[in-house]
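[1] What shape does this take:
(2 chains)
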There are 2 protein chains.
Amino acid sequence: MAIERFLEDFQAGEAFTSQSVTLDAAMIKSFAAQFDPQPQHLDEAAAARSFFGGLVASGWHTAALTIKLIVESELKIAGGLVGSGLDEFQWYRPVRPGDSLRVEFEVLEIRQSLSRKDQGLVRLKIATLNQTGSPVLTLIASLIVPRRPQKPA
Amino acid sequence: MAIERFLEDFQAGEAFTSQSVTLDAAMIKSFAAQFDPQPQHLDEAAAARSFFGGLVASGWHTAALTIKLIVESELKIAGGLVGSGLDEFQWYRPVRPGDSLRVEFEVLEIRQSLSRKDQGLVRLKIATLNQTGSPVLTLIASLIVPRRPQKPA
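    Numbers count the residues shown, from 1 in each chain, chains lettered A, B, ... in the order given. The predicted structure follows:
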């Protein structure tokens, strides 16, 4: 079991790799039906006629799976993963049934909050890769991370 | 039924408002179980002890619902909503059971692609608001939009 980290426990440059997940058509359609009901994510025949030439996962499905893989990775943060924002979020290529995704992420920066002594921000550089190692999604996420509580003197 | 737009049909400053959706605890837990399995999204008692003081939706759930509300809005794009990236993505406040979300979005910029004559980019400024009108999420999304096909001469 991984130890829960506080702000003081992070080091810039530290890198992590998640487990992987393989998508099938049923998963792609189930997410799309709930959150991104468009033909290219729901129906093979309509998808074949679309921009993508076949069924593709919603980009938001890829994003949600990225979070799941990070939440289930060895990086555990005291209080959980709490995001404040994202930057430079870019999709590169479609994710199709049968593709396997894994996430590589790295600590980019650690910053003490100026307004709150008890917390800070950790910026992670995140890349979601497919089974050929090609990026499907990259982003930078800012996480709110508590400082280690001080023992009373 | 709204007309499907091509790049030429967009105008900077044009604004849209989505329908609204109300979240309940079951929806929050169902998304979290699939994509963000953390105690603050899954379990009332554990959530009460968390940073948030009670059950809150995953920020990715809010993001996915934002997309759903935009997909179901009156803005229809030829070939569907195809995102290339996001910027300035920021969460402001938690979404709790009973909160209603709606999305206000506006055309920020329209750009012809330099490398592909047949398409361009539309940048949308997006704000997801709760029932009190307070933002819970804002972002800028870049969409790939086809130009209107030219009739052969």
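
[2] and A:Asp9, how many neighbours?
    15 (other CB atoms under 10 Å in any protein chain shown). For glycine as for every other residue, the C-beta is placed from the backbone atoms N, C-alpha and C.

[3] Do you know the pLDDT at it?
    A:Asp9 carries a pLDDT score of 97 in this model.

[4] in chain A, which spans are strands?
    Along chain A, counting by DSSP state E, strands occupy A:4-5, A:15-22, A:76-77, A:83-91, A:100-112, A:119-129, A:135-146.

[5] Distance to B:Asp36 and mean pLDDT added to these, as CSV?
    Below are the strands of chain A laid out as CSV (distance: least, CB to CB, whole Å; pLDDT from 0 to 100):
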stretch, distance to B:Asp36, mean pLDDT
strand A:4-5, 17, 94
strand A:15-22, 14, 98
strand A:76-77, 13, 95
strand A:83-91, 10, 96
strand A:100-112, 14, 98
strand A:119-129, 15, 98
strand A:135-146, 13, 97
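
[6] Of all those, which one comes closest to B:Ile70?
    strand A:83-91 (15.9 Å; CB to CB).

[7] now the strands of chain A as CSV including mean neighbour count and distance to chain B?
    CSV is the format used below for the strands of chain A (neighbours: other CB atoms under 10 Å in any protein chain shown; distance: least, CB to the nearest CB, whole Å):
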stretch, mean neighbour count, distance to chain B
strand A:4-5, 14, 12
strand A:15-22, 14, 11
strand A:76-77, 17, 10
strand A:83-91, 18, 4
strand A:100-112, 17, 13
strand A:119-129, 20, 9
strand A:135-146, 20, 8
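
[8] Present those as JSON lines; the columns should include distance to B:Glu72.
    As requested, these are exported to JSON lines (distance: least, CB to CB, whole Å):
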{"stretch": "strand A:4-5", "distance to B:Glu72": "39"}
{"stretch": "strand A:15-22", "distance to B:Glu72": "27"}
{"stretch": "strand A:76-77", "distance to B:Glu72": "35"}
{"stretch": "strand A:83-91", "distance to B:Glu72": "21"}
{"stretch": "strand A:100-112", "distance to B:Glu72": "27"}
{"stretch": "strand A:119-129", "distance to B:Glu72": "26"}
{"stretch": "strand A:135-146", "distance to B:Glu72": "24"}
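
[9] between those strands, which one is nearest to B:Glu109?
    Comparison of those against B:Glu109 by CB to CB identifies strand A:83-91 as nearest, at 16.9 Å.

[10] residues making contact with that closest one?
    A:59, A:62-63, A:121, A:136-144, B:59, B:83-91, B:139 (CB atoms under 8 Å, 6 or more residues apart in numbering or on different chains).

[11] and the longest helix along chain A, what does it pack onto?
    Taking DSSP state H as the criterion, chain A has its longest helix at helix A:59-71. Judged by 3 or more CB pairs under 8 Å, 6 or more residues apart in numbering or on different chains; DSSP states H and E, helix A:59-71 is in contact with strand A:15-22, helix A:25-35, strand A:83-91, strand A:100-112, strand A:119-129, strand A:135-146, helix B:25-35, helix B:59-71.
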